[in-house]
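what's the 3D shape of this:
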Amino acid sequence: MTLARAPIDPAAKLECVSYAPFRGAQTPLDPTTQIGAAQIAADLAQLAQISKCVRTYSIDNGLDQVPELAGKVGLKVIQGIWLGNNRLKNLAQIATVVGLTKEYPGVITSVVVGNEVLLRGEMTTADLAATIRSVKAQVTVPVTYADVWEYWLRNREIYEAVDFVTIHILPYWEDMPVRASHAAAHVDSIRRQIAVAFPAKEILIGETGWPSAGRMREGALPSRTNQARVVSDILGLAKRENFRVNLIEAYDQPWKRQLEGTVGGYWGLIDAEQRTLKYPAGQPINNYPQWKIQLGCGLGLSLLVFGTAMLTLRRRPWSPRLVSWLAVAASATAAGILLGVAADRMLHESYSVGGWLRWGLLLASGIVTPVLAANALMSGRALPTFLELIGPREGRSGSLMVYALGLAMMVTTLIGAETALGFLFDPRYRDFPFASLTMAVLPLFSLMLLNRPQQGVRPIAEAVFAGVFVVTALYTVFNEGPKNWQSLWTCAVYFLLGITLWRARGVQTPK
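This next block holds a predicted model:
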């Protein structure tokens, strides 16, 4: 899918954009992290080309350098004070920011006293209001507080303490997630609702935007084209209705994936690694910019699956049923189509060594399983059981092809079970492995269906895993709702894998 219009008009700068300087493995979760002036200066010089202003959230990790460096490139700063439940740290943040407002009066245009501290439950409303009034008495610029819009309605006394109201509207993260096509209308609706509740002061939308990668929440789909669409629609709305909006955020922040999963790291307008705009003006926007390479690799994998089937028949001439060829064709087609999608998702969803190992192994299984299953289908072999790999030595298979297929099945089952149980116990930030899982499970299911032993004992391990997949699939479908096609797809594959394992038998056909 492509979108012709870039979300940033090269002839008109953004009003403001949230800025955090962290790159690669840098993270504010490590208190020893200090970002150098040169790195921040390079970022701000780039941002000055597309924005009038940056919003910061604290003065930690070297962010106290932002006002000085922003002033050198003509950027204004909405300066943040990070408040929490540590009173001494709060006072230190306040003292530093008060000093910065006096030192850079032409750069800092306003101060945000606390960001979502009520949402996190780290301060009481009374303490926050007193803190805001204390800061107001020490600075000459307007003072505000920033939180999700519902918390303004629940804590109206904060309205009396601030000079203007700063609300966060993130359609993707709403309790009832909003589709990308309706995101701008949702933002406008909430803004008008807040304006009615607080009519005497300006309403600044302090955070809004859309992620370019990550898992679906009901009908809210993160993607490059959806991000471009939402940002473009909101900026157009702000221009028509004449209100200020701060986009979240300038750069993708990989460290947020540790807290919020894949989706947390992809809210930026600028890529974290290349430091280039995701959507340069005049260039088409595509969810898969490397689609030509991905298409070529997918065609190559499809041909490899068909070639394996044909080579197997040449070495063992016989006449397989037509349905066996149809199964090979289905596996080859699915693998070829999904390879690029699966590889793209692995690149975006892998974080830390564990993440790369998990998704890398699942993708590897998705690549080799169709090839090995094609060989088994054309050889008349049944799907191996786990006992043939890890059972008593006398019961293990001596065939390398059987062992390889069994190992791929085991990898698929273990990683599939780990993800399925994750959706059962901790689903909020987990990605749906629909592409890689389909590549691996479809050939296993076909092999079970066509070359199944007619007798034998159902292995206990396979039966247990089958139960896990069926139960978790049913729960996930209910929990994620009918609008989430990533969930429905993944759960359908879980169900197929559950059936495959349930129908396994301990006695195999002759080799």
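
which residues in the stretch 51-200 of the chain form strands?
Per DSSP state E, counting those that start in this stretch, the stretch 51-200 of the chain has strands spanning 53-55, 76-81, 108-115, 143-148, 165-168. These are given in chain order.

and the third one with strand 76-81, angle?
Put simply, strand 108-115 runs at 30 degrees to strand 76-81, going by axes from the mean of the first three to the mean of the last three C-alpha atoms, to 10 degrees.

quick one: which of the strands of the stretch 51-200 of the chain is nearest L497?
Closest to L497 of the strands of the stretch 51-200 of the chain is strand 143-148 (C-beta to C-beta; 38.6 Å). Just so you know, the C-beta spots here come from the backbone N, C-alpha and C atoms, and that holds for glycine as well.

Can you list the strands that that closest one pairs with?
In the sheet, strand 143-148 lines up against strand 108-115 (parallel), strand 165-168 (parallel) (DSSP bridges).

Of all the ones you listed, which one comes closest to V402?
Within those, the stretch nearest V402 is strand 165-168; the backing value is 55.6 Å (C-beta to C-beta).

send the alpha carbons of that closest one over as PDB?
Taking only C-alpha atoms (Å, rounded to 0.1, in the frame of the first residue of the first chain), the coordinates of strand 165-168 have been written out as PDB:
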ATOM      1  CA  VAL A 165      -3.800  22.900  29.300                       C
ATOM      2  CA  THR A 166      -1.600  20.300  27.700                       C
ATOM      3  CA  ILE A 167      -3.400  17.000  26.800                       C
ATOM      4  CA  HIS A 168      -2.100  13.800  25.300                       C
END
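
and stretch 94-106, which residues are buried?
Of the residues in stretch 94-106, those buried by neighbour count under the rule 16 or more other C-beta atoms under 10 Å are 94, 96-98, 100-101, 104.

Out of these, flag the one nearest to P482.
Within the buried residues of stretch 94-106, proximity to P482 (C-beta to C-beta) peaks at V97, which comes in at 47.3 Å.

Is it correct that the closest one is in contact with I78?
No: the pair V97 and I78 does not pass the contact test of C-beta atoms under 8 Å, sitting 11.4 Å apart.

Quick check: neighbours shared by those two?
Taking C-beta atoms under 8 Å, 6 or more residues apart in numbering as the contact rule, the neighbours common to V97 and I78 are V111.

wait, what's in contact with the closest residue to V411 other than its chain neighbours?
Ranked by C-beta to C-beta, 6 or more residues apart in numbering and with sequence neighbours excluded, the top spatial neighbour of V411 is S365, at 4.7 Å. Residues in contact with S365, defined by C-beta under 8 Å, 6+ apart, are 408, 411-412, 415, 436, 439-440.

Who wins on neighbours among the residues you listed?
Of all the contacts of S365, the most densely surrounded is A440 (32 neighbours; neighbours counted as other C-beta atoms under 10 Å).

Check what pLDDT that residue gets.
The predicted local distance difference test score for A440 is 98.

What of P510?
Each residue has a pLDDT score; the one for P510 is 44.

Output stretch 338-346 as PDB, restricted to C-alpha atoms.
Written as PDB, here are the backbone C-alpha positions of stretch 338-346 (Å, rounded to 0.1, in the frame of the first residue of the first chain):
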ATOM      1  CA  LEU A 338       5.200 -14.400   3.400                       C
ATOM      2  CA  LEU A 339       9.000 -14.500   3.400                       C
ATOM      3  CA  GLY A 340       9.400 -10.800   2.900                       C
ATOM      4  CA  VAL A 341       6.700 -10.000   5.500                       C
ATOM      5  CA  ALA A 342       8.300 -12.300   8.000                       C
ATOM      6  CA  ALA A 343      11.800 -10.900   7.500                       C
ATOM      7  CA  ASP A 344      10.600  -7.400   7.800                       C
ATOM      8  CA  ARG A 345       8.800  -8.200  11.000                       C
ATOM      9  CA  MET A 346      11.800  -9.900  12.400                       C
END
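
about what we covered before: of the strands of the stretch 51-200 of the chain, which is nearest V66?
The closest approach between V66 and any of those, judged by C-beta to C-beta, belongs to strand 76-81 at 6.1 Å.

Just checking the distance from the closest one to the centre of its chain.
A distance of 27 Å separates the centroid of the chain from that of strand 76-81, by C-alpha atoms, centre = their mean, to the nearest Å.

Just give the strands next to it in its sheet, each with its orientation.
strand 53-55 (parallel), strand 108-115 (parallel).

who's in contact with it?
By C-beta under 8 Å, 6+ apart, the residues outside strand 76-81 that reach it are 16, 52-59, 66-67, 70, 90, 93-94, 97, 100-101, 104, 107-115, 135, 146, 246.

ok, 7 Å please
With C-beta atoms under 7 Å, 6 or more residues apart in numbering as the contact definition, strand 76-81 has outside contacts at 16, 52-58, 66-67, 70, 93-94, 97, 100-101, 107-115, 246.

And stretch 430-446, by the same measure?
Residues from elsewhere that reach stretch 430-446 (C-beta under 7 Å, 6+ apart): 214-215, 261-262, 327, 330-331, 334-335, 338, 341-342, 345, 349, 362-363, 365-366, 369-370, 373, 383, 408-409, 412, 416, 419, 422-423, 486-487, 489-490, 493, 496-497, 499-500.

swap in stretch 406-422?
Where contact means C-beta under 7 Å, 6+ apart, the residues beyond stretch 406-422 that reach it are 358, 361-362, 365, 368-369, 372, 384, 386, 388-389, 430, 433, 437, 440-441, 444, 465, 468-469, 472, 494, 497, 501.

one step back: what is the nearest of the contacts of S365 to N242?
Compare each of those with N242 using C-beta to C-beta and the shortest gap goes to S436, at 47.1 Å.

quick check, the closest one in a strand?
No: counting by DSSP: H, G, I helix; E, B strand; the rest coil, S436 is located in no strand; its state is helix.

Kindly provide the distance from it to V117.
When distances are taken as C-beta to C-beta, to the nearest Å, S436 and V117 turn out to be 40 Å apart.

Also A343?
Computed with C-beta to C-beta, the distance linking A343 and V117 is 41 Å.

Point out where the stretch 201-350 of the chain drops to low pLDDT.
317-318 (pLDDT under 70).

Quick check: G380 touching N451?
Yes: because the distance of 6.2 Å satisfies C-beta atoms under 7 Å, G380 is recorded as touching N451.

Looking at those two, which has the bigger crowd around it?
When G380 and N451 are compared for neighbours, N451 comes out ahead with 21 against 16, by other C-beta under 10 Å.

State the pLDDT value of the nearest residue to the more buried one once chain neighbours are set aside.
Distance criterion C-beta to C-beta, 6+ apart; nearest residue to N451, sequence neighbours excluded, is A382 at 4.7 Å. The per-residue pLDDT reported for A382 equals 88.

where does A382 land in three-state SS?
Using three-state DSSP, the secondary structure recorded for A382 is coil.

What is the neighbour count of it?
For A382, using other C-beta under 10 Å, the count is 23.

if I look at it, how far off is M176?
Distance check for A382 against M176: by C-beta to C-beta, it reads 47 Å.

Which positions in stretch 296-304 come out as buried?
Across stretch 296-304, burial judged by 16+ other C-beta under 10 Å covers 297-298, 301-302, 304.

Mind putting the residues you listed into CSV with secondary structure?
Below are the buried residues of stretch 296-304 laid out as CSV (three-state DSSP):
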residue, secondary structure
C297, helix
G298, helix
L301, helix
S302, helix
L304, helix
